[in-house]
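Engineer: based on what follows, work out the 3D shape:
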Amino acid sequence: MMPDICFIFEVHQPYRLKRYVSPIPSLKYYHAYFDEQLNREIIHRASLKCYIPAGKILLEQIKRYANIETSFKINLSISGVFIEQIKKLSPKVLKLFQDLVDTGMVELLGQTYFHSLAGIYEDKSEFIEQIKLHKELMKDVFNYSPTVFENTELIYNNEIGRIVRTMGFKGIITEGAERILGDRSPNYVYKAKNMDLKILLRNYRLSDDIGFRFSAKWWKEYPLTAEKYANWLSITPGDCIVIFIDFETFGEHHWPETGILEFLKYLPEELVKRKISSFNVSEILDRHNWIDELNIGVWDTVSWADVERDVSAWLGNNMQRKAFEKMKNLGELISMSNDNEVKYIWRLLQISDHFYYMSTKTGGPGLVHSYFSYFNDPLDAYTSYMTVLNDIEAKLREKLYSDKDFQKKYFLRKVKKFQGFDFYKGDGKKLGIKVYSLKEFLDIIRNVEYDSIIFHMVRGDIERWIEDVIGDYILGERIRNIDIEDNVRQQLIRVIEDRIKELGVD
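Structural biologist: Residues are numbered from 1 along each chain as shown. Purely as a prediction, here's the structure:
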């Protein structure tokens, strides 16, 4: 019996930042930060070499086999930022994708609108909001409501699965990595731990045969023909085989001269010859029962990137982690500013590609990162990104310090659970006391053991929390100037009380 085949094509283009961004005098953020010419050139090139020719081939082949038992169906996962760009720059491509969906043989998957890493934020509210935005976009552009989810870069863990299930999705796609499977095969339907969510796993070997190795002349299987690939699929054991690759594989990553478009054209015919059917994702989930549970904790988070198949492609070095944390921390300030333009730019800065360009990996993964990056090196990518973040933060803080009502609301807010201040004893052991606002901090300072205050003052913990989390640099500087030789408790109480009064609170 032949396995069911599930072709899923990722469709995404990021908004690329300018290589060297200087602080700007105005608030016209988009034009200052993003390289409109480069983004336009890439969309136009990819449209001519990939989206239009590959899209036409798929449309032709889907219609050709629409009324036979061995049908040819595909699945698309399209980012919101891709749709934004082709609406403006290549409407013919948008119409072609709409025509594909209108055949009834193409399933659209849900994902994050901004192709972001929001699924691994501690606070999942942004993740949920971006999923909702993407759902609305799919309905508006394609009159389609996705029922299966693909998180950015196939990033998955139990917590992501829980959110996705509560939002009404019946299934999710992730990577068929050995470290989550053990000796099990990726070619079956699985189930998320302790929840009614089916999981389909990407067969990365068969996917990468097309996605990465197709034009590699060093590969022992080169050249890869449609006939050869169909034979491989026919003899692969399992219930279902998920081939998940970038749509840009067809003409952009592998140029038309490699024969990739001919491969795409003749593959459906070779599958039909062998009575191999390809299905929509939701059909696969309905046709097959799950065979086992997958338990993937936060620390075992999986993705389809690099040999590690974890999140190190985006968060593997200090530059990436610092940029990621600063971007997240800026979110609360942006939300409270009620500036929709800045919030939109902040969301564009969440696009995963920005962090991917900062990777310093070497070897094979390093070559892949370099191929996709338009920067000279990871440091250039980091510098450009941080310049934008710092510029936005500076402008928001300028606004913040000129608006007393905004200051009061922001500085006296209750912070997120993961942002709270933990009090430690003088010997470095936790006291079991954690506060989430400046007022709570003041209340605890009045009575907490003195050694704890000295411990944190010497380490600079209090001023850092006040500046980096609460966001009040004025108070942070005053705390930094406290004389730790002279009744620190009373000095702390006085400077905090004075600051709260300055903010207009008695």
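Engineer: any idea of the mean pLDDT in stretch 317-330?
Structural biologist: Averaged across stretch 317-330, pLDDT comes to 95.
Engineer: buried sites along it?
Structural biologist: Buried residues in stretch 317-330, defined by neighbour count with 16 or more other Cβ atoms under 10 Å: Asn317, Met319, Gln320, Ala323, Phe324, Lys326, Met327, Lys328, Asn329, Leu330. Every residue, glycine included, has its C-beta placed from N, CA and C.
Engineer: tell me the pLDDT of the nearest residue to Ser90 once chain neighbours are set aside.
Structural biologist: Nearest non-adjacent residue to Ser90, counting by Cβ to Cβ, 6 or more residues apart in numbering: Ser47, 4.4 Å away. As predicted, Ser47 sits at a pLDDT of 98.
Engineer: hmm, Ser47 is touching Lys95, no?
Structural biologist: No: Ser47 is beyond contact range of Lys95, at 11.6 Å (criterion: Cβ atoms under 8 Å).
Engineer: compare the two (neighbour count), which wins?
Structural biologist: Neighbour count, other Cβ atoms under 10 Å: between Ser47 and Lys95, Ser47 has more, with 20 against 12.
Engineer: and the longest helix that the chain contains, what does it pack against?
Structural biologist: Longest helix in the chain, counting residues (DSSP state H): helix 378-400. Applying 3 or more Cβ pairs under 8 Å, 6 or more residues apart in numbering; DSSP states H and E, one finds that helix 378-400 contacts helix 29-33, helix 318-337, helix 340-348, helix 404-411.
Engineer: distance to Leu438 for these - can I get that in JSON lines?
Structural biologist: Listed next are those as JSON lines, based on distance: least, Cβ to Cβ, whole Å:
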{"stretch": "helix 29-33", "distance to Leu438": "30"}
{"stretch": "helix 318-337", "distance to Leu438": "14"}
{"stretch": "helix 340-348", "distance to Leu438": "24"}
{"stretch": "helix 404-411", "distance to Leu438": "6"}
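Engineer: ok, which of those helices comes nearest Arg40?
Structural biologist: Nearest to Arg40 among those is helix 29-33 (13.0 Å), distances taken as Cβ to Cβ.
Engineer: what strand or helix carries Phe244?
Structural biologist: If you go by DSSP states H and E, Phe244 is part of strand 240-246.
Engineer: and the next helix or strand past that strand?
Structural biologist: helix 260-273.
Engineer: going by neighbour count, which residues of that following helix are buried?
Structural biologist: Ile260, Leu261, Phe263, Leu264, Lys265, Tyr266, Leu267, Pro268, Glu270, Leu271, Val272.
Engineer: now that helix: how far from the chain's centre is it?
Structural biologist: 32 Å (Cα atoms, centre = their mean, to the nearest Å).
Engineer: next SSE after that helix?
Structural biologist: Counting by DSSP H and E, what follows helix 260-273 is helix 281-287.
Engineer: return the distance of that next one from the chain's centre.
Structural biologist: So, by Cα atoms, centre = their mean, the centroid of helix 281-287 is 25 Å from its chain's centroid.
Engineer: alpha carbons only: can I get it in PDB?
Structural biologist: The C-alpha trace of helix 281-287 is given here as PDB (Å, rounded to 0.1, in the frame of the first residue of the first chain):
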ATOM      1  CA  VAL A 281      -3.200  18.400   5.700                       C
ATOM      2  CA  SER A 282      -6.700  18.200   7.300                       C
ATOM      3  CA  GLU A 283      -7.500  15.100   5.100                       C
ATOM      4  CA  ILE A 284      -4.300  13.400   6.400                       C
ATOM      5  CA  LEU A 285      -5.400  14.000  10.000                       C
ATOM      6  CA  ASP A 286      -8.800  12.700   9.300                       C
ATOM      7  CA  ARG A 287      -7.600   9.600   7.400                       C
END
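Engineer: for it, buried residues please.
Structural biologist: Those would be Val281, Ser282, Glu283, Ile284, Leu285, for helix 281-287 by 16+ other Cβ under 10 Å.
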